[in-house]
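J.: Mind looking at a prediction? Sequence and model below.
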4 protein chains.
Amino acid sequence: MAPPPGGGGIKGMIMKYPEAVQRLKNIEGHIRGIERMLGENTYCIDVIRQVQAVQAALNKVSIIILDEHLNTCLITAVRGEDPLERERVLHEIAEVFETATKS
Amino acid sequence: MAPPPGGGGIKGMIMKYPEAVQRLKNIEGHIRGIERMLGENTYCIDVIRQVQAVQAALNKVSIIILDEHLNTCLITAVRGEDPLERERVLHEIAEVFETATKS
Amino acid sequence: MAPPPGGGGIKGMIMKYPEAVQRLKNIEGHIRGIERMLGENTYCIDVIRQVQAVQAALNKVSIIILDEHLNTCLITAVRGEDPLERERVLHEIAEVFETATKS
Amino acid sequence: MAPPPGGGGIKGMIMKYPEAVQRLKNIEGHIRGIERMLGENTYCIDVIRQVQAVQAALNKVSIIILDEHLNTCLITAVRGEDPLERERVLHEIAEVFETATKS
């Protein structure tokens, strides 16, 4: 039997979201550090490198959330009886992949 | 009942693969054009722009194939009875997404 | 004559850095918004889309800083008398470009 | 004195372009291999991984050409007497960087 809708989401939150939130808090601190670097007239290239490090850290956050999504919402939708809901969920995956290849 | 393994793949081939193959043939021609540009000493930036255009065209090919994969192999695996197979297929999606964020 | 070292940097700070700092402050707020979304159990895909929007905003910050760098530090180095310094600055540009193609 | 226009380009061609052309020829072969994989109904994810490998190989080609460009055309333009030409060349670098962050 397919798990009830939402059940996966709650499990997701318990399992992985604290890790994503913690990583986002670290990223916030990283960004404040970059603001300080700009205020102190740090060498431009060193600033750009830090911005690129933040982007790599955000990639990791996206992957954590996607992984959770695949193991909860996607399984629920694909096993569910609603073909439109299934199509929607699969289409969203293709969409975030498309955006990922462009940023 | 889940469709038999491989059934999705064949359907995928019939529906979308000719489009992917045609796009790859166009990309091949595009790359030969870039080789000629280098031989004719074309302005470097114009060459780089063409390489970037090829990369955008390859992104489109990846998305076509991923879309097919989600609508065939992934559905088969998620509805199937083998939890290891399901895990493997979901993990692969996360993996190609991760690579996409890095290229 | 080449401008004195640092002159370009100061000019850069006056012209474009406030814009970069302001954008980073907006990005910080955006990230706090994503943390809240995770706390409120927002749909995973909507969270991923917001993370991708932050990454696009960070790309813009990198471009602003690179643009400034090219018009100040790079000009100083390329017109300067020190071949090692020139090589270093040109190599750094290639390096941040390389990282950009991977994130 | 600034080197004559084109001088850098010729040097560039002698030094690095054969490497770029050779890499593009290898990439062409790689793409034909992917077309074959699609014809033989290879597993979708393995095809996507090969497309991603081609994109990484194209990144390398872009970097080789950019590196050459920086060390020839850019030096010529920045040391030259034409401020519009200098601006144009610097703006192009920012532009290809911007496209790189989006593909």
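T.: Good, I have the coordinates.

J.: Mind checking what secondary structure the closest residue to A:I64 other than its chain neighbours has?
T.: Using CB to CB, 6 or more residues apart in numbering or on different chains and skipping residues adjacent in sequence, the residue nearest A:I64 is A:A20, 5.1 Å away. Yep, even glycine has a C-beta here, placed from its N, CA and C like the rest. At A:A20 the chain is in helix, as set by DSSP: H, G, I helix; E, B strand; the rest coil.

J.: Spit out the contact partners of A:A20.
T.: A:61, A:64-65, C:38 (CB atoms under 8 Å, 6 or more residues apart in numbering or on different chains).

J.: any idea how far it is from chain B?
T.: Here the criterion is CB to the nearest CB, to the nearest Å. By it, A:A20 lies 14 Å from chain B.

J.: Just the contacts of A:A20: which are in helices?
T.: Among the contacts of A:A20, the ones falling in helices (DSSP state H) are A:61, A:64-65, C:38.

J.: Do I have it right that A:I75 meets B:V78?
T.: Yes: with contact defined as CB atoms under 8 Å, A:I75 reaches B:V78; the gap is 5.7 Å.

J.: So which bits of chain A are right by chain B?
T.: By the rule CB under 8 Å from any CB of the partner chain, the part of chain A lying against chain B is A:59, A:62-63, A:66-67, A:70-71, A:74-75, A:78-79, A:86, A:90, A:93-94, A:96-98, A:100-102.

J.: Need the per-residue pLDDT for the residue nearest to the spatial centre of chain A.
T.: Nearest to the centroid of the C-alpha atoms of chain A, with distances taken as CA atoms, centre = their mean, sits A:S62, at 2.1 Å. Listed pLDDT for A:S62 reads 96.

J.: That one: what's it in contact with?
T.: Contacts of A:S62 by CB under 8 Å, 6+ apart are A:96, A:100, B:97, B:101, C:48, C:51-52.

J.: rerun that using 10 Å as the cut-off
T.: A:20, A:96, A:99-100, B:94, B:97-98, B:101, C:47-52, C:54-55 (CB atoms under 10 Å, 6 or more residues apart in numbering or on different chains).

J.: which of the ones in helices among the contacts of A:A20 lies closest to chain B?
T.: Of all the ones in helices among the contacts of A:A20, A:I64 has the smallest distance to chain B: 9.3 Å, by CB to the nearest CB.

J.: Wait, that closest one touches A:E19, no?
T.: Yes: counting by CB atoms under 10 Å, A:I64 touches A:E19, with 6.1 Å between them.

J.: Between the two, which has more neighbouring residues?
T.: Ranked by neighbour count (other CB atoms under 10 Å in any protein chain shown), A:I64 and A:E19 place A:I64 first, with 17 against 14.

J.: Where does the prediction get shaky in chain A?
T.: A:1-16, A:103 (pLDDT under 70).

J.: Tell me where it has strands.
T.: Taking DSSP state E as the criterion, chain A contains no strands.

J.: so which residue of it comes closest to chain D?
T.: A:K102 (5.0 Å).

J.: can you pull the contacts of that residue?
T.: So A:K102 contacts B:56, B:59, B:100, C:52, C:56, D:101-103 (CB under 10 Å, 6+ apart).

J.: From the residues you listed, list just the buried residues.
T.: B:59, B:100, C:52, D:101, D:103 (16 or more other CB atoms under 10 Å in any protein chain shown).

J.: okay, the residues you listed in JSON lines with distance to chain A next?
T.: Below are the buried ones among the contacts of A:K102 laid out as JSON lines (distance: CB to the nearest CB, whole Å):
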{"residue": "B:N59", "distance to chain A": "4"}
{"residue": "B:A100", "distance to chain A": "4"}
{"residue": "C:Q52", "distance to chain A": "5"}
{"residue": "D:T101", "distance to chain A": "7"}
{"residue": "D:S103", "distance to chain A": "6"}
